[in-house]
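J.: Provide a 3D model corresponding to the input given below.
(chains A, B and C)
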Amino acid sequence: MKDKILLAHGSGGKLAHELVEKSFVKAFSNPFLAKLDDSAVIDISGRLAFTTDSYVVSPIFFPGGDIGKLAVFGTVNDLAMSGAHPLYLSLSFIIEEGLPLDELNQIVNSVQKAAQEAGVEIVTGDTKVVNRGSADRLFINTAGVGIIPDGVDISGSNARPGDKVLLSGTIGDHGIAVLSQREGLRFSTKLESDCAPLNSLVAEMLNASPNIHCLRDPTRGGLATSLNELAKQSKVSIRIEEEKIPVREEVLAACEMLGFDPLYVANEGKLVAIVPPEDADKVLGAMRGSHYGKSAAIIGEVRAEHPGRVAMKTCLGASRIVDMLVGDLLPRIC
Amino acid sequence: MCLAIPALIKVIEDKEAEAEIGGITRRISLWLTPEAKVGDYVLVHTGYAINILDEEEAAETLSLLEEIAGLAEEEG
Amino acid sequence: MKFVSEFRRSELAEGLISQIHRKSRTPARFMEFCGGHTVTIFRYGIRQVLPRTLDMVSGPGCPICVTANADLDKAIALSQIPEVIIATFGDMLKVPGSRSSLQEVKADGADVHTVYSTMDALRMAEENPTKSVVFLGIGFETTAPTIAASILQAEEKGIGNYYVLSMHKLCPPVLRAILDSGEVKLHGLICPGHVSAIIGSYPWEFIARDYGIPCVVSGFEPLDILQCVDMLVDQIENGESRVEIAYRRGVHPEGNQQALKLMEQVFEPCPTQWRGIGEVPDSGLKLRKKYQHFDAELAFDIDPGPAYEPVGCICGDILRGVKTPADCQLFGKACTPEHPVGPCMVSSEGSCSAYYLYGGGFEG
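T.: Numbers count the residues shown, from 1 in each chain, chains lettered A, B, ... in the order given. From the prediction side, this is the model:
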């Protein structure tokens, strides 16, 4: 019989301690966690960025990543999008009983590797086990803190008419990679999730210009939804050009097959930046020089008229409104 | 209505085929196009090949459109 | 992607657009029957690049949009039976029925699964031998042969727990009904490309012959639509009405004989209700006697209750091309893609949804 997670692993008793010590503390060894106190006690000074997110992706392993990697990078990226240097993360597992222990350990290792790549430490955590059917295998919540450097002021409400809109790379990779594994849709592709930490990319962009106005990672809802959020928050309009937006052929093909628009498909390692026009080329250069921004492009600009709207110039030279995602992305036949 | 996309038939096994659609592979049914061969492009709708695409016709259409575009340019 | 990207080339589009501008003199109204065409037209902003002489209206070519509440209520009633799995194309989930939608009953615990193909639904039936898988058979002539094939496969493999709720619709009969209603003034018809891939171009002949309306079968890329419009303009300026194919790579005049044969083998025509249009003779498909044991309506005892249509919704008029979404009091207010009232707002190919999402592009 294979080792699996039992309700007792979440009971706070002996099995729970064993799990914490054998799996978690070992993987994330750092002085804060090793103390096993009720809270991590940390000395921090400066402007603090603080964020949290929950991860419920299904399946928990997908091409190019898993729920653990996602849980670290997702929160790291949320911090990075306010210009912060991410420092410390919390990590909470909600596990459905019966999850094979080696799968949990794989996820834990993946969390550890991801934390190492992003340069953050897991300083506190929690584990709960729920009855079968009360969760879908494994849910993860992470919260994170980081420090915002002096002189950096990034917010979704900072976009100004004339600003340029930059995108760090191809869109839709994560959403399509995950979808390719979903029951009832199954197709095969070499495409992998773009799941990646964006903090070093952001650091290099800020190095090139501390005047970046907005940063956003277009996760669920895709690029279209992020641009709409920025247009609404800043009370401006955004005009993008279809032909400038990089999309991989596989993503385009899957979208054609399932009736999706790549503008609405999720990303986990991409960002949109809104930058004053005079700094756009500098920032673009910095992005292209960075590992996760190689295919960055300027995709459009910010305008004053029609505040709150996003429009796209189509390949025929006409323009159309790009709205937020409505409901779920469902494969359609027509 | 009726989304259908072009797919290239790679392998045929009985009444099904592995088809490539721009870098992704999906199993499709050939129930509606039993005459399809490996190397054919088919139109796929909900997992079924509904027709074999005619490459010659496509090329002819495109050259007609190119002619029209050339004409438009000349007249500026 | 081969056969896709070539038909999106902007320099070729420019050529067609200027040719259309040069040729079009007579004011004309074209209907794109098919929702897929509506999406291409909005997604690429095709209306904006056409001359003012040309007006485009959207027809009833979205099988989700034309599904009557009564049919949807049956699907919902089936989902309430224990041990029944509903397998459906994703489009159907959001469609509001008389009292509920599949999305809502799923949230309440009904076993509703989205599939891309009947192949996936058949596999689901094989993998769940103790349950019954009911596939919601929606779609026009393009989809109906795939459903027919799934029934024949189930028969061949002896899969006894696969059922179909047949809500199929046929296009030529409804076009005749629309044209006979006399309300719609049309000067050209953009015929559905993938329906025609199955039925060919001959079934549209009666429109050109009896009603004097030029017909051109079109593909779904922007160049396809522009080429089709160009051909319609040609016919109009020359005073002709013929059926032509602008989608020759995908459509043969005689259609796909094998697909037609399977459809004929499994289904027979029957009268059916179209939302907003009413009952149209011979425009639906029911299972032939030989395959009735696959008919979900006969296999399960359901009582869907009385159906009613939403009040104030003018989807019917919009589907007939008599009114546009802008004429509707509910449009954009009580009826939005987040909270659809009528079917045209539900499917992203519905006229209202397309108007809402892509309409009113702004210059600047």
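J.: give the bridge partners for the residue nearest to A:G300 when sequence neighbours are not counted, please.
T.: In this structure, A:G300 finds its nearest non-sequential neighbour in A:I240, 3.3 Å apart by C-beta to C-beta, 6 or more residues apart in numbering or on different chains. C-beta here means a position set from N, CA and C on the backbone, and glycine is covered the same way. Beta-bridge pairing for A:I240 (DSSP bridges): A:G300, A:M312.
J.: so, in contact with chain B or not, stretch C:246-254?
T.: Yes. Judged by C-beta under 8 Å from any C-beta of the partner chain, stretch C:246-254 comes into contact with chain B through C:A246, C:R248, C:R249, C:G250, C:V251, C:H252.
J.: give the rounded mean pLDDT of that stretch.
T.: Stretch C:246-254 comes out with an average pLDDT of 97.
J.: contacts for it next, please.
T.: B:4, B:43, B:51, B:53-55, B:57-58, B:60-61, C:3, C:193-194, C:196-197, C:200-202, C:216-219, C:224, C:227-228, C:231, C:245 (C-beta atoms under 8 Å, 6 or more residues apart in numbering or on different chains).
J.: stretch A:94-101 now?
T.: Against stretch A:94-101 from outside (C-beta under 8 Å, 6+ apart): A:2-7, A:9-10, A:104, A:127-141.
J.: give me that answer again for 7 Å
T.: A:2-7, A:10, A:104, A:127-132, A:134-139 (C-beta atoms under 7 Å, 6 or more residues apart in numbering or on different chains).
J.: spell out which residues of chain B are next to chain A.
T.: Taking C-beta under 7 Å from any C-beta of the partner chain as the contact definition, chain B meets chain A at B:M1, B:C2, B:L3, B:I5, B:I21, B:G22, B:G23, B:I24, B:T25, B:R26, B:T46.
J.: so C:M263, which of the three states?
T.: helix (DSSP: H, G, I helix; E, B strand; the rest coil).
J.: restrict stretch C:82-92 to CA atoms and write it as CSV.
T.: In CSV, the C-alpha atoms belonging to stretch C:82-92 read as follows (Å, rounded to 0.1, in the frame of the first residue of the first chain):
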residue,chain,number,x,y,z
PRO,C,82,-30.0,10.2,-10.5
GLU,C,83,-27.2,8.4,-12.3
VAL,C,84,-27.6,10.6,-15.4
ILE,C,85,-24.5,12.4,-16.7
ILE,C,86,-25.2,15.2,-19.1
ALA,C,87,-22.5,15.6,-21.7
THR,C,88,-22.7,18.9,-23.7
PHE,C,89,-20.9,21.3,-25.8
GLY,C,90,-19.8,24.3,-23.6
ASP,C,91,-22.1,26.7,-25.4
MET,C,92,-25.2,25.3,-23.8
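J.: show me which residues of that stretch are buried.
T.: C:V84, C:I85, C:I86, C:A87, C:T88, C:F89, C:G90, C:D91, C:M92 (16 or more other C-beta atoms under 10 Å in any protein chain shown).
J.: wait, the last one sits on C:V105?
T.: No. The pair C:M92 and C:V105 fails to qualify as a contact (C-beta atoms under 7 Å) at a distance of 11.7 Å.
J.: show the contacting residues for the residue in chain C that chain A sits nearest to.
T.: Closest approach between chain C and chain A, counting by C-beta to the nearest C-beta: C:G45, at 2.4 Å. Contact partners of C:G45, counting by C-beta under 7 Å, 6+ apart, are A:T314, A:L316, A:A318, A:S319, A:R320, C:G361.
J.: what is the neighbour count of the residue in chain B that chain A sits nearest to?
T.: The minimum distance from chain B to chain A, using C-beta to the nearest C-beta, falls at B:G22 (2.9 Å). Look at B:G22: counted by other C-beta atoms under 10 Å in any protein chain shown, it has 23 neighbours.
J.: ramachandran coordinates for it?
T.: Backbone torsions of B:G22, given as degrees, to the nearest 10, read phi 50, psi 50.
J.: I'd guessed C:F42 sits against C:A354; true?
T.: Yes. Checked against C-beta under 7 Å, the pair C:F42 and C:A354 is within contact range at 4.6 Å.
J.: after the longest helix along chain A, which helix or strand is next?
T.: Looking across chain A with DSSP state H, the single longest helix is helix A:101-118. Going down the chain from helix A:101-118, the next helix or strand is strand A:121-130, by DSSP states H and E.
J.: just the C-alphas of that following strand, formatted as PDB.
T.: The C-alpha trace of strand A:121-130 is given here as PDB (Å, rounded to 0.1, in the frame of the first residue of the first chain):
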ATOM      1  CA  GLU A 121      11.800  32.100   1.900                       C
ATOM      2  CA  ILE A 122       8.900  30.200   3.200                       C
ATOM      3  CA  VAL A 123       8.700  31.300   6.800                       C
ATOM      4  CA  THR A 124       5.400  30.000   8.100                       C
ATOM      5  CA  GLY A 125       2.800  27.500   7.100                       C
ATOM      6  CA  ASP A 126      -0.200  25.400   7.900                       C
ATOM      7  CA  THR A 127      -1.700  22.100   6.900                       C
ATOM      8  CA  LYS A 128      -5.300  21.000   7.000                       C
ATOM      9  CA  VAL A 129      -6.700  17.700   5.800                       C
ATOM     10  CA  VAL A 130     -10.400  17.500   4.800                       C
END
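J.: list the buried ones in that strand?
T.: Quick answer for strand A:121-130 (16+ other C-beta under 10 Å): A:E121, A:I122, A:V123, A:T124, A:G125, A:T127, A:K128, A:V129.
J.: one step back: out of the contacts of stretch A:94-101, which sit inside strands?
T.: A:T127, A:K128, A:V129, A:V130, A:L138, A:F139 (DSSP state E).
J.: point out the residues in chain B that sit beside chain C.
T.: Close to chain C, as judged by C-beta under 7 Å from any C-beta, chain B has residues B:1-4, B:6, B:22, B:29, B:31-34, B:41, B:43, B:45-48, B:50-51, B:53-54, B:57-58, B:61-62, B:65-66, B:68-69, B:71-72.
J.: can you show me the strands along the chain?
T.: I went with chain A, as the question did not name one. Under DSSP E, chain A gives strands at A:47-55, A:61-62, A:65-66, A:85-96, A:121-130, A:138-148, A:164-167, A:188-189, A:214-216, A:237-241, A:272-275, A:297-303, A:310-313, A:319-321.
J.: meant chain C actually
T.: Using DSSP E, strands in chain C cover C:28-34, C:54-61, C:84-88, C:112-114, C:132-137, C:162-166, C:188-192, C:215-218, C:243-245, C:267-274, C:278-287.
J.: mean confidence score for the last one?
T.: What it means is strand C:278-287. 95.
J.: looking at chain B, which strand is longest?
T.: Per DSSP E, chain B has its longest strand at strand B:5-13.
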